[in-house]
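**Q** A predicted structure for the sequence below; I have some questions about it.
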Amino acid sequence: MKEYIAENRERFFEELFSLLRIPSVSSLEEHRPDMVRCAERLAELLKEAGAADAAIYPTAGHPVVFASRKVSEEASTVLVYGHYDVQPVDPVELWKSDPFEPEIRDGAIYARGANDDKGQLFMHLKAFEYLVRTGQLKHNVKFIFEGEEEIGSPSLAAWAKEHRDMLKADVILVSDTTMISEEVPSINCGMRGLAYVEVKVTGPDKDLHSGHYGGAVANPINVLCDMISSLIDKDGRITVKGFYDDVVELSPEDRAQLARAPFDIGEYKRFLDIAEVKGEAGYTTLERTGIRPCLDVNGIWGGYTGEGAKTVLPSTAHAKISMRLVPNQDSGTITKLFTEHFKAIAPPYVKVEVTPCHGGDGFLIPISSKAYQAASRAMAEVYGVEPVPSRGGGSIPVLADLQKILGIDPLLMGFGLERDTIHSPNESYLLKQLFAGMESIALFYRYY
C-alpha cells in the first residue's frame with residue numbers, strides 16, 4: 001500500500017480537497033444544496049474507486065450515499081459507515097486559513113472536515129480502491145455515508161430499517177474517532193451516548209428597564225445561572241434524580257485494563273492551557289471521559305450582547321445542555337428525567353420550557369471479536385506497537401441504532417488525534433495519520 005500511496009499521492013489530495021471545498025454544514029438550511037453536491041461527489045469517487053453501484057437515496061433530511069461491490073455469496077461482508085456533513089465554522093475569524101479552502105502546512109491538512117469525517121472516510125475509499133485495483137479484495141464491501149451525523153442522525157435509523165436487507169453485513173467498520181497518540185494507537189471499544197436539550201427561562205413578558213425594575217423583578221439570566229449551577233454538586237455528580245440508576249460501575253479489573261493507556265496529566269493540562277482538571281470525584285481524567293456520564297452547558301444567551309451598554313432586564317434566557325451517557329443509560333429516559341427535574345427546581349417567579357433536540361445511546365464491543373483482533377493486528381503492523389483498547393468520550397448515536405437494527409457490532413478504527421481540534425477553528429489532519437489509516441484499513445481486510 002505504501003507504494004500505491006506514493007504513486008497516487010497528488011491525486012489523493014485533489015480528490016479529498018474536492019470534498020473539503022464543499023461547505024456541507026448540515027445544521028444550516030442555507031447549505032442544503034451543498035449537502036446534495038457533496039453526496040453527488042462522494043458517489044462519483046465511490047464509482048471511480050471500484051464500487052459496482054453507487055446511488056444517492058433521499059431521506060426525511062439530507063441524502064444518504066450507498067455503494068457496494070460484491071465478491072461472492074460466501075465472502076464476509078464489511079459495511080463501512082461515515083458521514084460527509086461537517087460542523088459550522090464559527091468563529092471564522094479564528095481560522096488561520098479559509099476553512100473551505102484546504103491547505104497543507106506543518107505536515108497536516110487544514111480545513112473543516114479534514115479529520116471529521118471527510119478525511120477519515122476518504123481513507124476507506126482509497127484502501128478499497130487499492131484492494132480492487134490490485135486484485136486483493138476478498139470481502140463484499142458496502143458503504144453508507146450520511147449527511148446528518150453532526151445533528152444527531154435524525155433520519156438514518158428510519159432509512160436503515162427500510163433498507164435493512166440491503167445493509168446486511170458481518171461488521172460495521174467506522175473511522176470517526178481519535179486514538180491516544182501517534183506513538184500509541186488505540187481502538188475504541190465503546191462510546192458514550194447523548195441527550196441534548198435546549199432550555200428557556202421566561203420572567204416578565206417583555207424586556208424591562210433595569211433601573212426601574214432591577215431588584216424587584218427576577219432576572220431570567222440570573223435564575224438560569226442558579227438553576228444550571230445546581231445541576232452538578234461539589235463532588236462533580238449530576239443532581240438529576242435517577243440519573244445514575246442504570247450506570248454500571250466497572251470492576252477494578254476493567255478499570256485496570258483501561259488504565260493501560262499511557263496518559264500524562266501534565267502534558268494534558270499544558271495542551272489545554274489550564275492549571276487544573278475538574279470532574280467527578282473518585283475517577284481519573286480518562287475514566288471521566290470514557291466510563292462516566294457528564295453534563296455540560298454548550299451555549300447560553302439572553303439580554304443584550306451587542307456593542308456598548310444597554311441597561312435591560314431581559315424577558316428570557318436560554319441555554320443548550322448536553323449530557324454524555326454511558327452504556328445502559330437510555331437517552332429518552334435521561335431526557336425525561338432532566339425535563340422533570342429542571343421544571344421542578346424552577347422558582348415561582350419564572351416559567352421554564354425544555355425542548356429535546358437529539359440523542360442516542362452508547363455501546364460496547366468485545367475485544368475478543370474477530371473484527372477487533374483483525375484491526376489490532378493491522379494497526380500493530382503499521383505502527384509497530386499493539387493498539388490499546390480504549391473507551392471514547394464522544395458520541396455517534398446512530399451506531400447504537402445500526403447495531404440494534406442490523407444485529408452487528410461496529411468496529412471503531414479511528415485515526416484522529418486530539419491535536420486535530422475537530423469542531424473548532426483550524427481543524428486539521430496529519431498526513432502521516434491519513435496514510436497510516438489507509439494502510440491499516442487495507443491490512444484489516446487481509447486479516448479479517
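**A** Looks like it came in fine. Numbers count the residues shown, from 1 in each chain.
**Q** Can you show me the helices along the stretch 1-150 of the chain?
**A** For the stretch 1-150 of the chain, the helices defined by DSSP state H, counting those that start in this stretch cover 2-20, 32-49, 118-133.
**Q** could you dump those helices to a markdown table with mean neighbour count?
**A** In short, each C-beta sits where N, CA and C put it, glycine included. Putting the helices of the stretch 1-150 of the chain into a markdown table (neighbours: other Cβ atoms under 10 Å) gives the following:
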| stretch | mean neighbour count |
| --- | --- |
| helix 2-20 | 15 |
| helix 32-49 | 19 |
| helix 118-133 | 25 |
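**Q** among these, which is nearest Met191?
**A** Proximity to Met191 (Cβ to Cβ) singles out helix 118-133 among the helices of the stretch 1-150 of the chain, at 14.8 Å.
**Q** Distance of Gly362 relative to Thr285?
**A** 19 Å (Cβ to Cβ, to the nearest Å).
**Q** what's the closest of the helices of the stretch 1-150 of the chain to Thr355?
**A** helix 32-49 (22.5 Å).
**Q** what's the average pLDDT for that closest one?
**A** Helix 32-49 comes out with an average pLDDT of 98.
**Q** tell me what that helix is packed against?
**A** With contacts taken as 3 or more Cβ pairs under 8 Å, 6 or more residues apart in numbering; DSSP states H and E, helix 32-49 sits against helix 2-20, strand 53-57, strand 64-69, helix 118-133, strand 140-146.
**Q** Look at Ile228 and say how many residues are nearby.
**A** With neighbours defined by other Cβ atoms under 10 Å, the count for Ile228 comes to 18.
**Q** does Val398 sit in a helix, a strand or a coil?
**A** What DSSP: H, G, I helix; E, B strand; the rest coil gives for Val398 is helix.
**Q** dump the residue contacts of it.
**A** 146, 149, 153, 156-157, 360 (Cβ atoms under 8 Å, 6 or more residues apart in numbering).
**Q** would CSV of those residues with pLDDT be doable?
**A** Output for the contacts of Val398, formatted as CSV (pLDDT from 0 to 100):
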residue, pLDDT
Glu146, 98
Glu149, 95
Ser153, 92
Leu156, 96
Ala157, 95
Gly360, 85
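**Q** and of those, the nearest to Thr178?
**A** When these are compared against Thr178 (criterion: Cβ to Cβ), the nearest one is Glu149, at 15.5 Å.
**Q** Compare the helices of the stretch 1-150 of the chain and report which one is nearest to Ala216.
**A** That would be, of the helices of the stretch 1-150 of the chain and by Cβ to Cβ, helix 32-49, which comes in at 46.9 Å.
**Q** and the residue sitting furthest away from the middle of the chain, helix, strand or coil?
**A** For the chain, the largest distance from the centre (Cα atoms, centre = their mean) belongs to His212, which lies 46.9 Å off. Per three-state DSSP, the secondary structure class of His212 is helix.
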